[in-house]
Each structure stands twice: as structure tokens, then as C-alpha cells.
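K.L.:
coordinates for the following, if possible.
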Amino acid sequence: MNGLEIAKGYYEAFGRPMLENEFADLLPYLAAGLVGNGSERFGFDDEISRDHDFEPGFCIFLPGEDVIDRRQAFRLERAYAKLPKEYAGLKRQPLSPVGGSRNGVIRTADFYLKAVGAADGKLTARQWLTLPDYALAEAVNGEVFFDNLGAFSGIREKLICMPEDIRLKRVAGNLLIMAQAGQYNFVRCLKHGEPEAAQLACVQFVNAAIRNVFLLRNRYAPYYKWCFRALRQLYGMERFADKLGFLLFGDCRDDAAAERKYAVIEEIAADMIDELQDQQLTEAVCGDLEKHAYSVNDRIADGDVRNLNILAAVNE
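P.N.:
Coordinates of the predicted model:
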């Protein structure tokens, strides 16, 4: 079982009975699930993941103190702390009397404030522009087991898809990076006799390409160490992931390898342009990703967002 399955099994075996038997009066206001930071929230965990911050457990999300006060929240925290310390061969980590930051009792507002900087999930244009993809991914990943009040899921729904103008701004910025790093600077670095810089250009190109694949699927790219795993799980992306992976290996000091890398860069650029055209996001008719970047940017409806630097929404 992966971490999500373990969490849900633990909740069904112990969490649900505890809540139904001891907190029937609060149950209409609660939500539970496994969401946020950590490989298990994405379903990416494996045996190696279990060497730290891994345990059977789940989150109980509470509304504000006007609905569930501190005394009631403390009762919930104590009850959660008393749940069995072992499940599926795994031991729970020691939990402080006031709960844990990853599992346990968490105010909905506190979760979203930490995840995206807005307790109610209402992001300003600046926040949408500057939040890293992985932060947004962590705000909407995992699984909500139940949400009787609907408050936690309501905020989650606001964040699952970013505003279209912001998405286009990010796509445009990533396209420009792909153009500059892959189609332009990779070859120039080689001509300058700097194979190390050429490899860095490949890394920049791959990073931007991955982010755009997710954006074009209306998804968020996770933290960099899980990007390829997540990419391969997207339908039809296995071969594309292989191409990107190829660019990260091999010696740019070898002329034949470098030539093959440039060919693959152009293949990936062509694939990206095909997708942009299929989604009718570009009016450019060429193989130059920079021209497509500005064409995508021109489609942004909000003039203030459109007129920002084309790289304004590209974040590490």
C-alpha cells in the first residue's frame, strides 16, 4: 500500500469510528483527508520515503473558532493523539498535545494560509503570478475523505485551476525560456567552447518544458524531484518524458551527442507547438518558440497582466 492508501485505511479503521462515536456534535463541521506537503500526498512514496516524516495518519480540518472553539479543538487533538500507535506495520511519530503540522487537527484557514498565503484561498493577481507551481500542487493534491461542511473542499476547488490569464502568462514565459535556453543558447554555448554551460541550458529547457506540459493539461507541476514521475503518469507523456530525460544525460563535449541533443530539443519544440496549435493558443506559424511565446502572451485578456514582462509568472 502507498501512503494515501495507508492513511485512508487508518482513517476508516480508527478515525471514522472515533469521530462518529465521540464527536457526533462536531462531525457536520469537519473534513478529513491527506493533503499537503510530502510524497505520500501525491502517491509518489516508496520504501525509501519511509525513512522520515512517514506514518499512518490523516488530517482533520476544522473551521474557525466561531464554529469550533479552542476547547473543542483541544478535545479533538487529544482524541487523535490517543489513536493506535501502529498500523500496517508502521508506527506513528510522537505527537505533541496540540497536534502535528502535517497530520492531526488543523484549522482549514491555517492549512491554506501556509500552503498559498491566503486563508480563504482568494489569491490576488500578484499571488497567482508569483506562487510556485509546486506550492499550488501541494494545496490541491492527495484526497479528501469527507467534507461535511464543504468549506475545505470549496477553497480547494478555487485553487485547482488557475485563472486563464495567469496560465497563459506562465505558458508564455516558459516558452520563452525554452526558446532561449534550448533553441538558441545551447548551440551558442557549444560554439563558445563551454559544454558545461550547454548542459545547464538543457536543464533550463527541460524544466520549462515540464512546467508547460502540466500547464497545458491544466495541472500543476510538483516539486522538482517528483516531476518526471508525475510527468510519466500523464496520459501519452511517456515518450515525451523519455526525450526530456535524454537531454539530462550524456556528455556535451561529444560532438555526436551534442548534435543529437539539439535534434531532440527541436523535436520537443515541435511537439510543444503542435499542442499549442491544437489548443488554439498561438497564431504563429513557425518553429521558433520565442514567436509562439509572444503569440500566447497576446491572447491574455487582462491588459495589466498582458503588459507585464513576459517572464513575470515564471517561478522556481
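K.L.:
now do the helices in the stretch 1-150 of the chain.
P.N.:
Taking DSSP state H, counting those that start in this stretch, the helices of the stretch 1-150 of the chain run over residues 3-10, 16-22, 39-42, 70-81, 108-116, 125-130, 133-140.
K.L.:
buried residues in the first one?
P.N.:
If I follow you right, that is helix 3-10. Buried residues in helix 3-10, counted by 16 or more other Cβ atoms under 10 Å: 3-4, 6-10. Just so you know, the C-beta spots here come from the backbone N, C-alpha and C atoms, and that holds for glycine as well.
K.L.:
could you do the longest one as well?
P.N.:
In terms of neighbour count (16+ other Cβ under 10 Å), helix 70-81 has its buried residues at 72-73, 76-77, 79-81.
K.L.:
what of the fifth one?
P.N.:
For helix 108-116, a neighbour-count test (16+ other Cβ under 10 Å) marks 108-109, 111-112, 114-116 as buried.
K.L.:
related to what we said a few turns ago, same list, the helices of the stretch 1-150 of the chain, but as a markdown table with mean pLDDT and distance to residue 286 please.
P.N.:
Shown next, in a markdown table, are the helices of the stretch 1-150 of the chain (pLDDT from 0 to 100; distance: least, Cβ to Cβ, whole Å):
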| stretch | mean pLDDT | distance to residue 286 |
| --- | --- | --- |
| helix 3-10 | 91 | 44 |
| helix 16-22 | 97 | 58 |
| helix 39-42 | 85 | 37 |
| helix 70-81 | 96 | 58 |
| helix 108-116 | 96 | 37 |
| helix 125-130 | 94 | 28 |
| helix 133-140 | 96 | 28 |
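K.L.:
report the central residue of this protein.
P.N.:
In the chain, the centroid-proximal residue (Cα atoms, centre = their mean) is residue 137; its distance is 2.5 Å.
K.L.:
that one and residue 220 touch, don't they?
P.N.:
Yes. Applying Cβ atoms under 8 Å, one finds residue 137 in contact with residue 220, separated by 3.8 Å.
K.L.:
sorry, back to before: and which of the buried residues of helix 70-81 is nearest residue 36?
P.N.:
Closest approach to residue 36 among the buried residues of helix 70-81 (Cβ to Cβ): residue 80, at 16.1 Å.
K.L.:
ok, the closest one touching residue 74?
P.N.:
No. When contacts are counted by Cβ under 8 Å, residue 80 is not listed as touching residue 74 (10.7 Å).
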